[in-house]
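**Q** Fold the following.
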Amino acid sequence: MEYSMPAVKIFACTQSTKLASKIAQEYGIELGKIIFSHFSDGEFQPSFEESVRGTRVFLIGSTQPSSENLMEMLLMIDAAKRASAKHITAVIPYFGWARQDRKDKPRVPIAAKLVANLLETAGATRVITMDLHADQIQGFFEIPVDHLYASTIFLPYIKSLNLENLCMASPDMGGSKRAHSYAKFLNSDVVICYKQRKKANVIEKMDLIGEVEGKHVILVDDMVDTAGTLTKASEIMMEKGALSVRAVCTHAILSGNAIERIENSPMEEIIVTDSIPHNLEGTKKINVLSCAKLFADVMHSVHQHVSISDKFIM
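**A** Predicted coordinates for the structure are as follows:
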C-alpha cells in the first residue's frame, strides 16, 4: 500500500493571528478557519470551521500571560484531537511560564513542567518553540520538541552592522552561555553582568565582569520584560567607556513602563522578534525582525520528515 502524506492545515490562536498569517504565507497555504464563541462569564470555545480529520495540524500561539492564551492553545489541541487530526503540533513561538522551571525556594510550583504536562494531556503530538528560558524544559516533555534559536535571525543582522571592536554581553550569569555562543560565531569578546535581586524584576546591585571601554557592546537575552536589567546594564557600560550599546532579545514582553525605560536609556536599539504581538507606540528604538520564515521552514521540514539541523547556525 502506497503511503500518502496527510494534508497540512495551520490555525491561529487569537493573540498570534498576525504572526500565524505570516507563517502560513511563508509556508504557502491559507490560514485555516476557526471561530471563538464567548459566554457572558468570559468562558470561550474554539471551533474549527473545516475538517481536520487525518491531517497534520499546526496550531500557532504564544502562551504569555494572561492565562487565557495558554487555555486557548489547550482547547484548540483538544478540539483537534477530538476531530481526529492525525498529527497535532503546538507551535509556541514564546513558551510562557518558563521562568518557573525549578523550585528556587520551598512550596512553589514548577510551572514549566505543569504546562508541558497540560499540552501533552490535551493531545499535542509535537511542540515547536523558540529560545526557551531554560534549555532543560525540553526534558519536561515526553513528545518531540523542536527548540529553535533566534540567533538564526539575529546573527545576520548583527553582521550587517559592520561594527568594529564588537563585544557580546550577558545581562546576568544565567545567560553567559548564550553570549559566549554569539561571541564564538562573531569572533568577539564577552562581558557578563553580575546582578543581585531584591525580588522578581527588582535589581539591588549590578557589577560588570570584563572590559567594555572602546567597544560596541551587544547585550544578548532571551526576553525583555520590564527592561530594568537591560537599561541598567547599558548605563553601566556607557559609564565604563563603551562606544555604543545595543541589545538582542528574542521575546519582547515589554510589561509596565518598559518602553519608556528603553526610550530614556543610552541604548541605540533593541532588536526583537515578533514572537509576541507588540504595541510599540512611544519608541523608535525597538527593531522587530520576523521569525515567520524560520517557523515556516521548520514546519515544512517536520511535515516532510527532513532534518532541521541546518536551521542552527551556532
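**Q** quick one: the strands in the stretch 151-300 of the chain?
**A** For the stretch 151-300 of the chain, the strands defined by DSSP state E, counting those that start in this stretch cover 166-170, 189-199, 202-209, 216-224, 244-252, 269-273, 286-289.
**Q** right, so of these, which gets closest to L74?
**A** Judged by Cβ to Cβ, the one of those that comes nearest to L74 is strand 244-252, at 20.3 Å. (Glycine included, C-beta is placed from N, CA and C.)
**Q** In JSON lines, list the strands of the stretch 151-300 of the chain along with mean neighbour count.
**A** Shown next, in JSON lines, are those (neighbours: other Cβ atoms under 10 Å):
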{"stretch": "strand 166-170", "mean neighbour count": "26"}
{"stretch": "strand 189-199", "mean neighbour count": "16"}
{"stretch": "strand 202-209", "mean neighbour count": "13"}
{"stretch": "strand 216-224", "mean neighbour count": "24"}
{"stretch": "strand 244-252", "mean neighbour count": "25"}
{"stretch": "strand 269-273", "mean neighbour count": "24"}
{"stretch": "strand 286-289", "mean neighbour count": "17"}
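**Q** Comparing these, which yields the minimum mean pLDDT?
**A** The minimum mean pLDDT among those belongs to strand 202-209 (a mean of 74).
**Q** Taking the centroid of the protein, which residue is nearest it?
**A** Residue closest to the average C-alpha location in the chain (Cα atoms, centre = their mean): Y94, at 3.6 Å.
**Q** what residues are up against I262?
**A** The neighbours of I262, taking Cβ atoms under 8 Å, 6 or more residues apart in numbering as the test, are V224, A227, L230, T231, I270, T283, K285, I286.
**Q** Mind putting these into JSON lines with distance to G139?
**A** What follows is the contacts of I262, written out as JSON lines (distance: Cβ to Cβ, whole Å):
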{"residue": "V224", "distance to G139": "26"}
{"residue": "A227", "distance to G139": "30"}
{"residue": "L230", "distance to G139": "29"}
{"residue": "T231", "distance to G139": "33"}
{"residue": "I270", "distance to G139": "30"}
{"residue": "T283", "distance to G139": "37"}
{"residue": "K285", "distance to G139": "36"}
{"residue": "I286", "distance to G139": "33"}
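**Q** what's the closest of those residues to I143?
**A** V224 (29.5 Å).
**Q** average pLDDT across stretch 97-108?
**A** 94.
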